[in-house]
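[1] Provide a 3D model corresponding to the input given below.
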Amino acid sequence: MLRISSLKKLVTDSMAIDLGTASTIIAVKGRGVVLDEPSLVAINEISEEIVAFGQEAGDMAGREGRDVVVRAPLIGGVVGDFERTKKMLAHFVKKARTGGSNLSLQAVMSMVSDVTQVEQRALLNAAEESHIGKVFMMEEALAAAFGAGVLPTDKRASAIIDIGSATTNIAVVAKGNVITSTSERYGSSAINEVLATHLRRHRGLQVGEETIEFLKTTFASAYLPEDITKTIEVRGRDVQTGSPAAVEITTGEVYPIVESIVRRIAEMIRETLTELRPEVAADIYDRGVILTGGGALLEGIDKYLRNFINLPVTVSDEPRYATVHGLLKMFDDPKLLERVSRNEVSVLQNAEIPFEA
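    Next up, the predicted model:
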């Protein structure tokens, strides 16, 4: 018995990896979510060495030392910097393992639906170099559907809107298959960009990413607030003088900026839903749509979408974890995992990665 338990320490159970542009979330079978950190690396610009990963790098962002720069190696849900993505993922996988083991039997990993073969090969390579025995790749929105409670055996169709930081995935699924899907390299981080631009151009204040993220999550709303005069003080750097400064902004000022981004996501959803077959459309009319991903946490987004598409809209439990929970469920049904995974090995082997120059 002692021998078996000591052997178990060497092999981590199956791992689910949601490698996102903003965050990397890893769950392990039997242990649930074990890692949730920003997908960031801090680099020494002189030596080119990575000096910090994840949360540690995130804590440096905007307050880096003189020779240090914080970078996100993933862009739009795919690998932008192969070498650094590889090192970051290896660091996260090692951190997620128990008992200091060096081996994982298998992992299932999410990817956006419109991923190219080259992009998919890069993700697969990064995972394989993290000492994972076998890596399965699965469409993000399908994983999110399973994580949000859609059953693979359900013959009626369900619509999932997965709003990430840099991508929005829409999938209509039935019987564990994707009937139709759309993916846009556009997500909730666009709200951060327009808020920062507004403050710089119209209020003369330059603000950091941490401040903008706080403004989005605690003050911004996708739906017209009841009190548009409510204010918040935003601190940063005066554009003209360069000195530390602060401005007061109202919910009424922030709302139309946020709404312009949410509207674009809503239009994409409506467009996808107009292309459904009659039976599928009937199912969605009955059931509405399920929101997953970090973007689903934006205040009032469900209410806004309900009015825009005239369908019921529900936010899944723990929307940020829907994808990783769905990936984890795949290990309970190996046949389903084989069926839904997108590992076209012969195609992928021929897809050369241009990132390793």
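[2] adjacent strands (with direction) for the helix or strand hosting Val34?
    Val34 belongs to strand 32-38 when assigned by DSSP states H and E. Strand 32-38 sits in its sheet next to strand 23-28 (antiparallel), going by DSSP bridges.
[3] quick one: contacts of the strand it pairs with?
    For strand 23-28, contacts defined as CB atoms under 8 Å, 6 or more residues apart in numbering pick out 12-18, 33-39, 54, 88-89, 92-93, 96, 98, 165, 294, 320-321, 323-325, 327-328. C-beta coordinates here come from the backbone N, C-alpha and C atoms, glycine included.
[4] now do the strands in the stretch 51-200 of the chain.
    68-71, 74-75, 78-79, 103-111, 132-139, 158-163, 168-174, 177-184 (DSSP state E, counting those that start in this stretch).
[5] packing partners of the third one?
    Translated: strand 78-79. Contacts defined by 3 or more CB pairs under 8 Å, 6 or more residues apart in numbering; DSSP states H and E place strand 78-79 against helix 117-128.
[6] need the nearest residue in space to Pro244, chain neighbours excluded.
    Arg237 (6.4 Å; CB to CB, 6 or more residues apart in numbering).
[7] for Glu49, same thing?
    Ile43 (7.1 Å).
[8] just confirm Leu124 contacts Met138, I think it does.
    No. With contact defined as CB atoms under 8 Å, Leu124 and Met138 do not form a contacting pair (12.0 Å).
[9] what is in contact with these two at once?
    In contact with both Leu124 and Met138: Met109, using CB under 8 Å, 6+ apart.
[10] which among the contacts of strand 23-28 end up buried?
    Those of those that meet the buried threshold are 12, 14-18, 33-39, 54, 88-89, 92-93, 96, 165, 294, 320-321, 323-325, 327-328, by 16 or more other CB atoms under 10 Å.
[11] what does the domain assignment say about this structure?
    2-140+323-341, 145-187+262-320, 189-258 (automatic domain parsing).
[12] how far off centre is the longest helix that the chain contains?
    Criterion DSSP state H: the longest helix present in the chain is helix 251-273. Relative to the centre of its chain, helix 251-273 is centred 19 Å away, using CA atoms, centre = their mean, to the nearest Å.
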